[in-house]
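> make a model of this:
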Amino acid sequence: GQDETQWLPKWKELESKLQGEIGAMPLTPNARAQLTNRFSEWSTNGTINVQAGAFKQTGKRMDDAYKTAVLQKDYSSARQNLQDQHSNGFKTKEELDLGNAGLDLQQKSDAVSELRSMVPDLVARGSQGDLNAWAELKINYDNQRDLGEISDKEHAFKMREVDEGEFRSVVYTRINGTDG
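Coordinates of the predicted model:
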């Protein structure tokens, strides 16, 4: 079945049924003892294998859920999944820490990519007289600096460029009478 939480109960059900059938067999005492010992060994090995398979399947499901969360950029769910895997014995503390560090890098990379992709549009809007675009661009550059993507020196240079662009936009809007 698909639900590994039902594997052990189904196994136990099968064991009970077979044990009942063995108990109903007409056997000599020696044969019954040998069959009972063999059945017990078979039952124990089967239980271990079923539990191991269910544990493995649960781990695979949790890992698949983690990968899905990462693909969907749902980092809080991915972090919770890692913690759950650790709590349930599927990941060591080191694997948990490594997974969280990887998520931190991916999340930062995604944020930086998004910020960078916004710059051309903000510059274009600002150049057309949208003063709010210049303010948004300043925030964008602040965020890039805070994420460590640009240095303080680069940030200062970009801020001067934004101030110059903003100044040109103010002049442009006043000359063209579009300043309200």
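> centroid residue for the chain?
What sits nearest the mean C-alpha location of the chain, by Cα atoms, centre = their mean, is residue 78, with 2.7 Å.
> so where's the chain shaky on pLDDT?
Along the chain, segments meeting pLDDT under 70 span 177-180.
> hang on, the earlier thing: elements contacting the host helix or strand of the residue nearest to the centre of the chain?
Per DSSP states H and E, residue 78 falls inside helix 75-87. Secondary-structure packing of helix 75-87 (3 or more Cβ pairs under 8 Å, 6 or more residues apart in numbering; DSSP states H and E): helix 29-71, helix 93-127. Just so you know, the C-beta spots here come from the backbone N, C-alpha and C atoms, and that holds for glycine as well.
> residue furthest from the geometric center of this structure?
Among residues of the chain, the one most distant from the C-alpha centroid is residue 28; the distance is 59.8 Å, by Cα atoms, centre = their mean.
> returning to what we had before: residues contacting the nearest residue to the residue nearest to the centre of the chain once chain neighbours are set aside?
Using Cβ to Cβ, 6 or more residues apart in numbering and skipping the chain neighbours, the partner closest in space to residue 78 is residue 69 (3.9 Å). Going by Cβ atoms under 8 Å, 6 or more residues apart in numbering, residue 69 touches 75, 77-78, 81.
> could you do residue 123 as well?
133, 137, 165.
> before we move on, what about residue 116?
Residue 116 makes contact with 144, 149, according to Cβ under 8 Å, 6+ apart.
> try it again at 10 Å.
140, 144, 149-150 (Cβ atoms under 10 Å, 6 or more residues apart in numbering).
> same question for residue 62.
For residue 62, the contact set (Cβ under 10 Å, 6+ apart) comprises 81-82, 84-85, 88, 90-91.
> can you turn the buried part of these into a PyMOL selection?
Restricted to buried positions by 16 or more other Cβ atoms under 10 Å, the PyMOL selection for the contacts of residue 62 reads:
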select buried, resi 81+82+85+90+91
